[in-house]
Every structure is written in structure tokens, then in C-alpha cells.
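>>> here's my sequence, what's the structure:
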Amino acid sequence: MNSEGVSLPLFHEHLMMPWNDMRRGDCCRRFEAISDGYYCKFCDFFVHEKCAEFSEYIEHPSHSIHTLRLRNRPRHVCDLCGRSIKDLCFCCDLCDFDVDLYCAKHPPPEVIDISETHHHKLTLLKDMKLIQFVCDAKCGKVSYGFPYKCLECDLAFHVDCVWQPSEAKHPSQVSHAHHSLHTLKLLTGQPPAYSDGKCRLCGRKVDDEMFYHCSSCNLTLDMRCVLHPPPQSLLDLKTHDHQLILLPRLISFTCNACGLKGDRSPYACFVCDFMIHKDCFGLPRLININRHDHRVSRTSLLGVVNSVCGVCRQEVDWTCGGYLCQRCPGYVVHSKCATRKDVWNGKELEGEPEETEDVEPYVVIDDNTIQHFSHKEHYLRLHVNGVLCEDNKRCNACIDPISFQPFYCCMDCDFILHQNCAQLPRKKRHVLHNERLTLVTSETNFFTCEAYFRMSNGFRYQGGNKTFDVRCGSISEPFVHPSHPHHSLYYISPENNEICNGCNKRANFVLRCIEDSCGFVLDFRCATLPQMVKHRIDDHPLSLCYGEKASGKYWCDICEKETNPKTWFYTCKDHWASLHIECVLGFFTGLMPRSTLDLLHISVEVMLNNGVSRPLCGYCKSRCMNPIILKTIGTSNSYFCSLRCPILYSKPVRMM
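Next comes the predicted model:
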């Protein structure tokens, strides 16, 4: 067995280990009786050995006129069996013909003779146009595809309903070591309505294609646990000093390894009253998690601590095991939370030296002077009083104007950094990425922040293929925001389509209050909005208002359209203005004025919109209202307000 892993670039991005596991393959989405294959433990991703043997091009008897190519075509349908294709399939680019990996491995024969289904021979219709037919087997479904046809009776059948390769067949009844009272029957389709739909042993949702069930005991086992059952007893001294016995039953318990509740089939030590989830064996000893700057180590007993989990923010049972930080007293994490895919990168660090490289962002010259690593050629001098939102002076890191904040200014050129931005660590961990991020300061064309779709050409935090601007990249837990002063905010887990309290829009990545009665949610865009800005609409600074309960109508003085007072807006208290955030900041607030960019082969200059009159947008033909606009170089359409303008109003120019 190759201890270094096997690379299968057609199927998966990580190295995979040779594995034997009875389960639905993530390659062809089917079960195989011969279960050799390759497995990525970190992603829980399994590829059958036969699927892995495919090359990019194949000849297939069902479509002999052309070569088929392996491609990713989700939401397509296999033209042989009629099943939906999730990812990969073999397709003909000339005929729009698709065959899933299962049918590519097991091509159905041209003629079959199955007397239990039909008394005549059945012929596979192929190499012709897809036809619509009603399956005359038990399923009775209407489908498009290539059916088996009885030419004498004019009957049609799904391939799957009348034929199955011998190597994919499983016995109709089995006896199982963990359920000796009755035999288990092979079932397909949905689990019985009276069951919980989960495997009794592993707790996974039962696959609707094939599973075994005992109706007398309401016990269901998935194919993996039938053919590769967990051991009835085991001894793992890293987990517990005594032999552990499997209890294959529904039982409520608290796992002594992770401190979380379980509802079925624990391993138990009756001498110590010790119970553990099957999945909690083999937990790593020393790891990094993306919510903490230091390593956390595994312990079998946390001891007396009065703390909450650093990931889920729920109370930790100190009588159980978990992960703790040796440097930060009281910082603990549930075992299940610490080893989640969105928290841990899957690397065991026991025996690995800790990263000790210098991460200080600058060298102190004197009390008011530093040399920043991004600008080594000159010294930077501290200015404590700041200036009043001067647009012409912007921080090279976050691109925000220099306002009332202290800032460092180069003594020999126009390089400027906010004091807070100058202190940004060169290496840090972030809740949205499992690898440590590096602060990148080199000039770039532009990038888009992963946390929120915001263009920038300032400093960025980068790790692998993930890039965050310094505003989103600087967010850490606990996060305190003046809109929610009573409680800190945390990133608990990725959940789709949560509604932000700031903009009332749906977002995937949000920070939330952990108090049960609160429900306050903030997306990364609203969490990083500047609290005070300057705009040509008013001589006074504008401050961020967190919404108001109002019965009358509010109007934006910039676009002259109605505003919703319940969502956040910018206001000048002296003049009772209520301005859309989008109108005040614009689309290009993260781009440095006077810089030049290439946007899909179009050269543009970033400009401040601070002239005597507003320029006319060359696309939407309206006056550009945003404070920062782009000027195209060498074209007649000189200006545009946002990316929407060239996308919506110009066919020759495509910027997507």
C-alpha cells in the first residue's frame, strides 16, 4: 500500500489512500459489491477502483460511432439508465450523448433474456434519438432515454429496472453479527416511514438506493455497515485503558471523548462508565484550528474549566475530553468542533516543529518613526491628530481615506498607512480558511475579497487560492461592533441565505450573536463598513446609522430615490440626511485613485469623482454619482460608474 497516497486528478484534488469500503462511490454514485477503491479521509470521498482506472477518452459499445470524453456535466442525465449525473460522465461532444460512470463500467448487453420480468427477449435501443417512454416495469415512470424494448409486445423498460451486472448484485437477505435475532432484508427506495432513516450503527442517512432492514426491530443498516461492520470489541490504549464493547442500539449518551450527545451505538466500558462515539477513535493529538493563533492539543479529560467551546460557543463538559491551548488558560474546543472540515486542515502536528518565523510587521526606529516591511526604502512618521477625511490621502493597505485616525506617512514619498493597518500581523489565522494567511503587500492589478464581493488593489491576506482584503481579513473573534454593543459576535458555522441585520440581504458568511434570545446577524460587508465618511454631498462628515423605526418616507440626496430607514444608511445629523450606503461608497471604494488596472483586456484609470460637474457615463448615459469611477483608456466611452454599466449597456465590452 502506498503510504504517500495516490493522485487521481480526474476525480479529486487531494491525495487518496488505497481503501476497501462498501459504500456508494462518489465517482459513479452507485454501490459495488467489489469495494476496492481510494479514499480521502479528510473529505470523506471514496472512488471505486474500476472508476479510477478510466482514462480521459474511451470507446463504448453503446455509442460506437464516436469516442467519448470524460467531462464534468452536472445536472445532465445518463442516456442509458436515465439517472441524474452529479459530476463526471463520459460524453460525445458531437451528439450530446452522456453516459454516467456506472454505465461506462457496466455497459448493458444488447439483448437480455429475463423471464421473471418479461417472457420475451428485450433489445436495447441505442445509437438513435432519445425517445420518451413509460416504463412497463414496477416503477411506471415516464422517461427520456434508451430503454430495453420488447419488439413483439411493444413494451419498454428502464435499463436499471430489468438488468443489473452480476458484480453489483447483493443477497436479498443477510445475517449480521450485530443483529443475530433476525435476518435483514435488502430494500431499495425510501426507508420505511416508521424508521428514522438512519443507519443504526454509524448514524448516517440511509442511501435511498440500497440498504438492509429488519421490520420486526425497526433496524436499518447501510451497505457499508453490513459488509464492513465495526468490531464488536476493541482495545485502543490511546483512547481508553480498558477494552470497549459496541452497544448496537438506540441509546442516549454523552461521549466522554468529545462531550457531545449521541443517540446510538456507542462503544462502552462498563468498568469505568465510559462511552464514546465510534467516530471519536483516532482523534489527532496536536492540531491548528482556524480560530486560534496557537496549536491546540488533545486531552482525555479537560479538568475543571468554566468555559465555552471556541468554535460552537456552547458550554464544554469539563468531565470529558477535548482540545485545549497550553498558552491561553481557559481556551477549549469540543473534539467534534476542532476536527470539523471547515475548522481543521486535516494535518496532525505531533512531532512537527512549531512555526517560529518573525511575523512583526515593522521595526521601531524611535517613538514616532517605524520602518514597515512593505515600504523598506523609507521611514514612516506617525501623525496622531489625523486629517478630516481627505480623499486625496488614502491608506495603501485598506484604501480608506485618512480621517481622524492616527496614521503613518512616509517622510520621502506619498506612502501612507493607518496606524491600525501598519500593525496588521504578517501571518494570521481566519475563520473562513483552514490554512494560515499571509499579508501580501506587493502591487497587484486587483483582486476580489472571498468574504464579500469587493474589488481592491490594496493589501490582502492570502492563503492557497483564498484572498481577503485587509478589512475582512482582520476580523477575529470575539468581534465587537458598535451596532450591537451588548454582546460579541462570532462566526459559528457556514449557513446559506441568512439575512443580515444591516442590509436586510441574504449572505453565506455572517457573524452572529450567540445569545439565544437575540438572533442578531451581520455579514462581512456590513461588519467592515467605515463608521464615518466624507462625501461631496455635504460639508460635514457622514456617520453610519444603524436603522431607525420611522413611519414617514426617507429620501437619498444623492440618487434622489427612497431609502428604507430600517436598514443601515449614512446620515449627517445636522441636516437629517439619509443616504444609501451604495451611493455614498460606490462600487470601487476598494481601488486606489490614480492607479491603472486591466479589466479583462480593458485598460482603465481609477479616478476620484470630485470635479466641478459629474462626468457622463459612456454606457448608462447618466451622470456618475459614485465617489470613485473608472475611466477607460483609448476608447470613446470614457467613464463608467460601476461594473454593471459595461455589462448591461455594451455588447462589445464584456466584464464579468
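
>>> tell me how many other residues crowd the nearest residue to Val584 once chain neighbours are set aside.
Excluding the flanking residues, the one nearest Val584 by C-beta to C-beta, 6 or more residues apart in numbering is Tyr570, at 4.6 Å. For glycine as for every other residue, the C-beta is placed from the backbone atoms N, C-alpha and C. If you count neighbours by other C-beta atoms under 10 Å, Tyr570 ends up with 28.

>>> okay, helices next: where are they in the stretch 201-350 of the chain?
Ranges of helices in the stretch 201-350 of the chain, per DSSP state H, counting those that start in this stretch, are 223-227, 335-338.

>>> I'd like to know which of those is closest to Thr589.
With C-beta to C-beta as the measure, helix 335-338 is the member of these nearest Thr589 (35.6 Å).

>>> buried residues in the following helix or strand past the closest one, which are they?
Under the assignment DSSP states H and E, the closest C-terminal helix or strand after helix 335-338 is strand 362-366. Neighbour counts over strand 362-366 (16 or more other C-beta atoms under 10 Å) mark Tyr362 as buried.

>>> just checking: what are the partner strands of the helix or strand just after strand 362-366?
Later in the chain than strand 362-366, the nearest helix or strand by DSSP H and E is strand 369-372. Taking DSSP bridges as the criterion, strand 369-372 forms sheet pairs with strand 362-366 (antiparallel), strand 380-383 (antiparallel).

>>> contacting residues around the spatially closest residue to Asp26 that is not a sequence neighbour?
In space, and not counting its chain neighbours, Asp26 is closest to Phe45: 5.1 Å by C-beta to C-beta, 6+ apart. Contacts were defined as C-beta atoms under 8 Å, 6 or more residues apart in numbering; by that measure Phe45 touches 12, 14, 16, 26, 39.

>>> count of neighbours near Thr67?
Considering only other C-beta under 10 Å, Thr67 is surrounded by 14 other residues.

>>> surely Gly502 and Phe569 touch.
No: if you go by C-beta atoms under 8 Å, Gly502 and Phe569 don't touch, sitting 10.1 Å apart.

>>> common neighbours of these two, please.
Contacts common to Gly502 and Phe569, judged by C-beta under 8 Å, 6+ apart, are Gly547.

>>> quick one on the thing from earlier: by neighbour count, which of the contacts of Phe45 wins?
Among the contacts of Phe45, Met16 has the most neighbours (other C-beta under 10 Å), with 23 neighbours.

>>> any weak-confidence spans in the stretch 51-200 of the chain?
Residue ranges of the stretch 51-200 of the chain with pLDDT under 70: 126-130, 166-169.

>>> where do the strands sit along it?
In the stretch 51-200 of the chain, the strands defined using DSSP state E, counting those that start in this stretch lie at 57-58, 68-72, 76-77, 84-85, 88-92, 97-100, 111-112, 122-124, 131-134, 142-145, 148-150, 155-157, 173-176, 179-187.

>>> of those, give the one that comes closest to Ala577.
Closest approach to Ala577 among those (C-beta to C-beta): strand 68-72, 50.6 Å.

>>> now that closest one against strand 88-92, angle please.
Put simply, strand 68-72 runs at 140 degrees to strand 88-92, going by axes from the mean of the first three to the mean of the last three C-alpha atoms, to 10 degrees.

>>> buried ones in stretch 159-175?
For stretch 159-175, the neighbour count (16+ other C-beta under 10 Å) marks 159-163, 170 as buried.

>>> which of the residues you listed fall within helices?
Among these, DSSP state H puts 159-162 in helices.

>>> these into CSV, with extra columns for distance to Leu439?
Below are those laid out as CSV (distance: C-beta to C-beta, whole Å):
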residue, distance to Leu439
Val159, 56
Asp160, 54
Cys161, 59
Val162, 62
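
>>> wait, which of those is closest to Glu560?
Asp160 (61.6 Å).

>>> OK, contacts around that closest one?
With contact set as C-beta under 8 Å, 6+ apart, Asp160 has these partners: 81-83.

>>> and which of those is nearest His242?
Taking C-beta to C-beta as the measure, His242 sits nearest to Arg83 out of the contacts of Asp160, at 47.7 Å.

>>> beta partners of the nearest residue to that closest one once chain neighbours are set aside?
Leaving aside its sequence neighbours, Arg83 sits nearest to Asp100 (C-beta to C-beta, 6+ apart; 6.2 Å). As for beta bridges, Asp100 partners with Cys89 under DSSP bridges.

>>> verify the contact between Asp100 and Arg29 for me.
Yes: with contact defined as C-beta under 8 Å, Asp100 reaches Arg29; the gap is 7.4 Å.

>>> more neighbours: which of the two?
Asp100 (27 against 18).

>>> for the more buried one, give its distance to Asp342.
Noted for Asp100: a distance of 30 Å to Asp342, by C-beta to C-beta, to the nearest Å.

>>> Glu53 too?
Distance, Glu53 to Asp342, by C-beta to C-beta: 32 Å.

>>> between these two, who's got more neighbours?
Taking neighbours as other C-beta under 10 Å, Glu53 and Asp342 compare with Asp342 leading, 13 against 8.

>>> angles on the backbone of the residue sitting furthest away from the middle of the chain, please.
In the chain, the residue that sits farthest from the middle, by C-alpha atoms, centre = their mean, is Glu152; the gap is 53.4 Å. With angles defined as degrees, to the nearest 10, Glu152 sits at phi -80, psi -40.
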